[in-house]
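> Following is a predicted model, sequence given first.
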Amino acid sequence: MKQTYQCTILERAKLSDKTISLLIDASQIREEILPGQFFHINCNTQDSYLRRPISVCDFEKGRLRLVFEIRGKGTAKLAKLNKGDAIDLLGPLGRGFHLPKSGKRAAVVGGGIGTFPLLFLTKSLSFPCDAFLGFRCEEQIILADEFKSLPNVNLILCTDNGSCGYCGFAPSALTEALDAGKNYDIIYTCGPRIMMDCVAKTATEKKIPCQLSLEERMGCGIGACLVCACQTKEKNGQSHMSRVCADGPVFWAEEIL
Ligand SMILES: Cc1cc2nc3c(=O)[nH]c(=O)nc-3n(C[C@H](O)[C@H](O)[C@H](O)COP(=O)(O)OP(=O)(O)OC[C@H]3O[C@@H](n4cnc5c(N)ncnc54)[C@H](O)[C@@H]3O)c2cc1C
Ligand code: FES
């Protein structure tokens with residue numbers, strides 16, 4: 001049975017116009033928290049009792065970091081919380097990223113809000129990785145310093161308009177790296193579906209294992225309501241419905257394509 005926790009906010013920071021970072025005292029959470037997992041948060045909106053899913057951006061020494069973009073009523077309410085306030089968390093939920101025990105190099109490919117959970121993932125890898133992170137323009141870049149500070153990460157920033165780093169989409173930068181002879185043991189991707197499909201296709205062509213983190217609207221967050229159902233494929237090619245909240249949000253590319 002999944003538990004809810006009343007935790008205290010230790011720090012609140014505004015990272016951009018619409019992006020908020022909350023550092024939370026999660027020392028009471030005894031369960032293991034894995035990269036790719038999420039918490040379902042009670043946003044206390046008057047018109048809806050539905051929680052909102054937010055991925056673990058970082059977790060260290062009992063401190064949990066959540067970074068989110070203000071999209072609608074729930075995240076707007078969440079953004080109003082301040083240092084010292086309580087936050088109601090259900091989790092950690094879902095299946096996180098697969099972390100190989102050893103490897104030579106991984107690639108992570110993220111876009112927009114999909115870059116946030118990749119911070120904890122890259123930090124948890126025991127070998128080097130190239131992080132291809134895509135944003136619309138320089139002003140929209142979030143968490144670059146945190147990625148740069150990780151000793152195992154080679155950061156390749158990509159902007160759609162070329163205002164910073166590689167000019168173009170992150171999957172194109174990945175394809176160019178592969179064409180130039182780079183090899184990866186595993187590729188992880190999180191972001192807009194069209195971007196992840198592109199990464200998964202490239203990885204499949206190159207026969208590189210690949211994981212995607214899917215986003216679906218959620219109800220219960222614990223596998224009971226089927227609001228988050230999506231079509232997936234079994235090893236024998238048969239399709240069936242999976243629950244993004246409980247069977248995912250992380251899936252292997254061959255389960256999705
Ligand atoms: C597993 C998971 C992890 C997530 N992690 C993060 C994260 O780390 N940081 C972050 O900023 N966001 C994350 N999201 C997205 C976040 O949950 C939604 O932005 C949030 O629920 C919107 O709630 P709201 O009440 O503010 O907006 P609403 O008023 O409910 O909706 C506002 C707009 O956002 C769209 N929307 C709502 N929920 C989703 C969703 N689940 N996926 C796609 N679009 C949605 C709606 O269609 C609408 O256009 C995650 C979503 C999932 C499923
Ligand atoms: S949100 Fe209820 S089953 Fe996934």
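Great, that's in hand. Residues are numbered from 1 along each chain as shown. Ligands and ions are numbered 1, 2, ... in the order given.
> Could you pick out the residues of the stretch 101-250 of the chain near ligand 1 for me?
With the criterion set to C-beta under 6 Å from any ligand atom, the stretch 101-250 of the chain comes near ligand 1 through Ile113, Phe116, Pro117, Glu215, Glu216, Arg217, Met218, Pro249. Yep, even glycine has a C-beta here, placed from its N, CA and C like the rest.
> Give me the below-cutoff pLDDT ranges for the stretch 151-257 of the chain.
257 (pLDDT under 70).
> can you map out the strands along it?
153-159, 166-167, 186-190, 210-213, 229-233, 239-243, 250-252 (DSSP state E, counting those that start in this stretch).
> In its sheet, which strands sit next to the fifth one, and in what direction?
Think strand 229-233. strand 239-243 (antiparallel) (DSSP bridges).
> How about the partner strand, which residues are buried there?
Neighbour counts over strand 239-243 (16 or more other C-beta atoms under 10 Å) mark Ser242, Arg243 as buried.
> and if you look at stretch 227-243?
Buried residues in stretch 227-243 (16+ other C-beta under 10 Å): Cys228, Cys230, Thr232, Lys233, Ser242, Arg243.
> I'd like to know which of those is nearest to Ala170.
Cys230 (22.8 Å; C-beta to C-beta).
> how much space between the closest one and Ser27?
34 Å (C-beta to C-beta, to the nearest Å).
> Same question for Pro53.
Distance of Pro53 to Ser27, computed by C-beta to C-beta: 22 Å.
> Ala170 now?
Remark: distance between Ala170 and Ser27 (C-beta to C-beta) = 35 Å.
> what do you get for Gly223?
For Gly223 relative to Ser27 (C-beta to C-beta), the value is 27 Å.
> cool, Thr19 as well?
From Thr19 to Ser27 the distance is 25 Å (C-beta to C-beta).
> ok, those two, which is more surrounded?
Thr19 (18 against 12; other C-beta atoms under 10 Å).
> Around Arg95, how many other residues sit close by?
18.
> correct me, but it touches Val250?
Yes: between Arg95 and Val250 there is a contact at 5.4 Å, judged by C-beta atoms under 8 Å.
> what is in contact with these two at once?
Gly36 (C-beta atoms under 8 Å, 6 or more residues apart in numbering).
> longest helix of the protein?
What stands out as the longest helix in the chain, according to DSSP state H, is helix 193-205.
> Which elements pack onto that helix?
Judged by 3 or more C-beta pairs under 8 Å, 6 or more residues apart in numbering; DSSP states H and E, the packing partners of helix 193-205 are strand 106-111, helix 170-179, strand 186-190, strand 210-213, helix 253-256.
> quick one: contacts for Glu32?
Pro92.
> how about the residue of the stretch 51-200 of the chain found nearest ligand 1, what does it touch?
The minimum distance from the stretch 51-200 of the chain to ligand 1, using C-beta to the nearest ligand atom, falls at Gly72 (2.0 Å). Counting by C-beta under 8 Å, 6+ apart, Gly72 makes contact with nothing.
> what's the answer for the one 4 residues further on, then?
The neighbours of Ala76, taking C-beta under 8 Å, 6+ apart as the test, are Ile70.
> Could you tell me whether it really is in a strand?
No: counting by DSSP: H, G, I helix; E, B strand; the rest coil, Ala76 is not found in a strand; it is helix.
> gap between it and Ile20?
For Ala76, the distance to Ile20 - C-beta to C-beta - is 10 Å.
> shared neighbours, those two?
In contact with both Ala76 and Ile20: Ile70, using C-beta under 8 Å, 6+ apart.
> What residues are bridge-paired with Leu23?
Using DSSP bridges, the bridge partners assigned to Leu23 are Glu11, Arg65.
> and it, how many neighbours does it have?
For Leu23, using other C-beta under 10 Å, the count is 18.
> In this model Glu11 seems to touch it, though I could be wrong.
Yes: between Leu23 and Glu11 there is a contact under C-beta under 8 Å: 4.0 Å.
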